[in-house]
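Visitor: dropping a prediction and its sequence here:
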Amino acid sequence: MDDFKEFEHCLGEALTHLYDPTYQPPELIWQATGCKPQQGVKEVQAALVRAIEDLKPASDVPRTARIRRLYELLAFRYIQELTQAETAFQLGITDRHVRREQQEAIGVLARHVWEKERGQAPAAGESSPLAEAEEAAAPATWRSQVKQELLSLQQSTPDSVAGVGQTINGIVKVGQALTEKRGISLNVGPVRPNLAVVIHPSALRQVLITAIEKLAQQMSAGEITLEVEQEEEYVKITVTGCPVLADSPPHSDLIEEIMATQGGLFEIRLTDHRLVFEVRLLPTDKEVTVLVVDDNLDLVNFYRNYTTDTRYHIVHLSEGKHLFETVADTRPDIIVLDVMLPDVDGWELLTYLHEHLDTRAIPVIVCSVVKREELAAALGAALYLPKPVRRQQFIQALDQVRAQAQARVSRTEANSAITR
């Protein structure tokens with residue numbers, strides 16, 4: 001082992017004993033820090049703290065820049081003595097990412113201390129460890145910004161889901177821009193309608209675009225295929241490139257971070273010149289049947305468009321007189337009811353639905369131009385929506401009453417368990 005590698009190893013050990021008064025640093029640490037044994041171990045430890053602070057970037061360097069993250073990792077781990085898990089939380093990255101970047105951060109610090117003690121300037125054509133870290137900052141900053149955006153999306157819309165077919169259709173043009181200039185064809189297999197997975201749509205788009213880009217970089221011709229398969233527990237999305245020129249599978253920090261943030265499984269495989277990106281995501285709850293009782297067919301078609309590639313499936317009934325037969329046949333999870341029907345008064349139907357033992361547990365959304373929110377609630381409606389309804393309002397209303405119904409079921413089951 002050469003002197004620098006040995007010093008780097010010793011530095012890692014010294015950092016783990018940064019506040020240990022009984023620690024005895026090896027000679028390399030004394031030499032590199034410019035301290036003498038008679039000064040005591042506290043002087044060495046203070047020198048290491050100062051060396052870490054030397055790496056602190058200027059205030060105008062973005063927080064997402066790589067050099068700032070390396071500095072903060074060292075400060076959190078060693079100056080503040082946080083665990084790897086606590087550091088990962090502070091930086092918004094995974095534990096595994098902390099372990100990987102921790103060694104890189106120690107390497108940057110080691111070179112800084114090593115060269116500073118010797119008064120060495122980088123040789124011609126070489127760069128300093130700080131400059132190297134800054135050089136990597138641009139792509140790293142982009143990745144970090146994407147990750148922060150995804151974290152923000154998850155916090156603002158924690159229950160969001162992605163329609164698989166809709167998302168894939170949306171990234172095809174982007175994918176073709178990455179593949180066509182290399183003479184690569186991009187083919188998409190069939191996707192089951194209304195298939196949705198538990199991930200934010202923006203996150204899924206980034207995963208698929210990144211996979212296509214990584215594959216295209218490893219190919220000069222050939223084919224990339226995107227296929228979706230429903231497994232027992234997961235929805236599996238496979239992006240395959242063939243033939244590829246790589247000798248080993250590429251790495252994607254971005255996909256790893258997205259999957260760690262949003263959930264799911266991710267794997268890259270390379271076999272026989274075929275490179276496979278495989279993503280497994282949890283499907284949404286079972287399909288939710290929504291019975292729309294409304295004689296306005298155009299409006300019902302809007303509802304169907306609104307719920308494309310979501311968990312919601314629209315069943316339509318234009319007359320109220322067959323409501324209870326249709327409920328028995330379709331067993332809807334939610335009913336969307338207009339009160340101005342051609343044959344039966346909607347308020348009367350709402351009363352019957354609320355009073356009947358077989359239907360009173362089904363949440364009813366009154367959706368009408370008749371603005372009677374208080375009356376709707378008094379007669380048992382779960383929610384009132386005034387027409388016209390925008391897509392976001394409609395989906396949010398379905399989500400809200402679905403969540404309320406599930407909460408009632410959970411409370412009932414819990415109370416039953418207590419009384420047994």
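Guide: Cool, got the structure. From a predicted model like this one, the values you see are computed outputs, not experimental measurements.
Visitor: pLDDT on the one helix or strand Trp114 maps to, on average?
Guide: Counting by DSSP states H and E, the element that carries Trp114 is helix 95-118. The pLDDT scores in helix 95-118 average 83.
Visitor: so what pairs up with Ile224 in the strands?
Guide: For Ile224, the residues forming beta bridges with it (DSSP bridges) are Leu186, Gly241.
Visitor: tell me how many other residues crowd it.
Guide: Per other C-beta atoms under 10 Å, the neighbour tally for Ile224 reads 26. Where C-beta positions appear, they are placed from N, C-alpha and C, glycine not excepted.
Visitor: how is the protein partitioned into domains?
Guide: For the chain, the structural domains run 3-135, 162-281, 288-417, going by automatic domain parsing.
Visitor: A helix includes His313, no?
Guide: No - counting by DSSP: H, G, I helix; E, B strand; the rest coil, one finds His313 to be strand, located in no helix.
Visitor: pretty sure it contacts Asn194?
Guide: Yes - with contacts counted by C-beta atoms under 8 Å, His313 reaches Asn194, the gap being 6.4 Å.
Visitor: hmm, back to that, the domains of the chain: lowest mean pLDDT?
Guide: domain 3-135 (a mean of 79).
Visitor: how far off centre is it?
Guide: Centroid separation for domain 3-135 versus its chain: 31 Å, with C-alpha atoms, centre = their mean, to the nearest Å.
Visitor: other residues contacting the helix or strand where Ile365 lies?
Guide: Using DSSP H and E, the element containing Ile365 is strand 364-368. Applying C-beta atoms under 8 Å, 6 or more residues apart in numbering, the external contacts of strand 364-368 come out as 294, 334-340, 346, 350, 353-354, 372, 376, 380-387, 389, 397-398, 401.
Visitor: could you tell me which of the residues you listed belong to helices?
Guide: 346, 350, 353-354, 376, 397-398, 401 (DSSP state H).
Visitor: which ones are touching Lys387?
Guide: Counting by C-beta under 8 Å, 6+ apart, the residues that Lys387 touches are 299, 367-369.
Visitor: filter the contacts of strand 364-368 to the buried ones?
Guide: Buried members of the contacts of strand 364-368, scored by 16 or more other C-beta atoms under 10 Å, are 294, 334-339, 346, 350, 353-354, 372, 376, 380-385, 389, 397-398, 401.
Visitor: pull out the buried positions in the helix or strand hosting Val239.
Guide: Using DSSP H and E, Val239 maps to strand 235-242. For strand 235-242, the buried set under the neighbour-count rule, 16+ other C-beta under 10 Å, comprises 235, 237-242.
Visitor: which other helices and strands does the helix or strand following that strand contact?
Guide: Note on strand 235-242: by DSSP H and E, the next helix or strand toward the C-terminus is helix 253-262. If you count contacts as 3 or more C-beta pairs under 8 Å, 6 or more residues apart in numbering; DSSP states H and E, helix 253-262 packs onto helix 95-118, helix 137-156, helix 201-217, strand 265-271, strand 274-281.
Visitor: measure how far helix 253-262 is from the centre of its chain, please.
Guide: Offset of helix 253-262 from its chain centre (C-alpha atoms, centre = their mean): 6 Å.
Visitor: related to what we said a few turns ago, closest to Ala88 among the ones in helices among the contacts of strand 364-368?
Guide: Distance to Ala88 across these (C-beta to C-beta) is lowest for Leu398, with 35.8 Å.
Visitor: contacts only, for the closest one.
Guide: 288, 290, 307, 312, 334, 365.
Visitor: over to Arg331?
Guide: Counting by C-beta under 8 Å, 6+ apart, Arg331 touches Thr289.
Visitor: and it, its phi and psi?
Guide: Note on Arg331: its backbone torsions stand at phi 50, psi 60 [degrees, to the nearest 10].
Visitor: Ile362 versus that one, what's the distance?
Guide: Distance, Arg331 to Ile362, using C-beta to C-beta, to the nearest Å: 9 Å.
Visitor: please apply the same query to Gln400.
Guide: From Gln400 across to Ile362, the span is 15 Å (C-beta to C-beta).
Visitor: which one's more surrounded, the two?
Guide: Ile362 (19 against 14).
Visitor: who is the nearest residue to that one once chain neighbours are set aside paired with across the strands?
Guide: Among residues not flanking Ile362 along the chain, Ile335 sits closest, at 5.6 Å (C-beta to C-beta, 6 or more residues apart in numbering). Beta bridges link Ile335 to Leu291, Val364 when assigned by DSSP bridges.
Visitor: contact partners for Ile335?
Guide: 290-293, 327, 353, 362-365.
Visitor: ok, and the most crowded of those residues?
Guide: For the contacts of Ile335, neighbours tallied by other C-beta under 10 Å; top is Val293, 29 neighbours.
Visitor: residues contacting that residue?
Guide: Contacts of Val293 (C-beta under 8 Å, 6+ apart): 317-318, 320, 323, 335-338, 341, 346, 349.
Visitor: what is the nearest of those to Pro201?
Guide: Val336 (24.0 Å).
Visitor: isn't the closest one right next to Val288, touching?
Guide: No - using C-beta under 8 Å, Val336 is not in contact with Val288; the gap is 11.9 Å.
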